[in-house]
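Enquirer: Pasting the sequence and the predicted coordinates here, then a few questions.
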Amino acid sequence: MAKVISDETIEYVGILAKLELQEEEKEQAKKDMAVMLDYIDKMKELDTEGIEPMSHIFSVNNVFREDIVTNGDDRENILANAPLKKNGMFNVPKTFE
């Protein structure tokens, strides 16, 4: 059962997608959309009773980890090679007045 896509629908989709289609491209797009809609109708025939919906094809676990401080406050070693230091911080020249 082929779906019929109107010219207005193709125009509207073209505007939403910011596409400027030629007439032959519009006709091809109408055919392609009809095929897609037919496929969606075919998918509706599948028995999905008891199948849990999913949001991702892979199982997704929390990928975040706790922030663990590993180097601590090693200020003296950090500043050891600093050319200039002042009050436990790097001292850098002014870049503008």
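Expert: Sure thing, it's come through.
Enquirer: low-confidence ranges in the chain?
Expert: 1-2 (pLDDT under 70).
Enquirer: Which stretches in it count as strands?
Expert: Assigned by DSSP state E, the strands in the chain fall at 85-86, 89-90.
Enquirer: Nearest to Pro53 among those would be which one?
Expert: Each of the strands of the chain was scored for nearness to Pro53 using C-beta to C-beta, and the closest is strand 89-90 (53.9 Å). All C-beta atoms are positioned from the backbone trio N, CA, C, and that covers glycine.
Enquirer: Can you name every helix or strand that the top helix by length along the chain contacts?
Expert: Longest helix of the chain, by residue count under DSSP state H: helix 23-44. With contacts taken as 3 or more C-beta pairs under 8 Å, 6 or more residues apart in numbering; DSSP states H and E, helix 23-44 sits against helix 7-16.
Enquirer: Tell me the helices and strands packed up against the helix it packs on.
Expert: helix 23-44.
Enquirer: just the angle between the helix it packs on and helix 7-16, please?
Expert: Relative orientation of helix 23-44 versus helix 7-16 (axes from the mean of the first three to the mean of the last three C-alpha atoms, to 10 degrees): 100 degrees.
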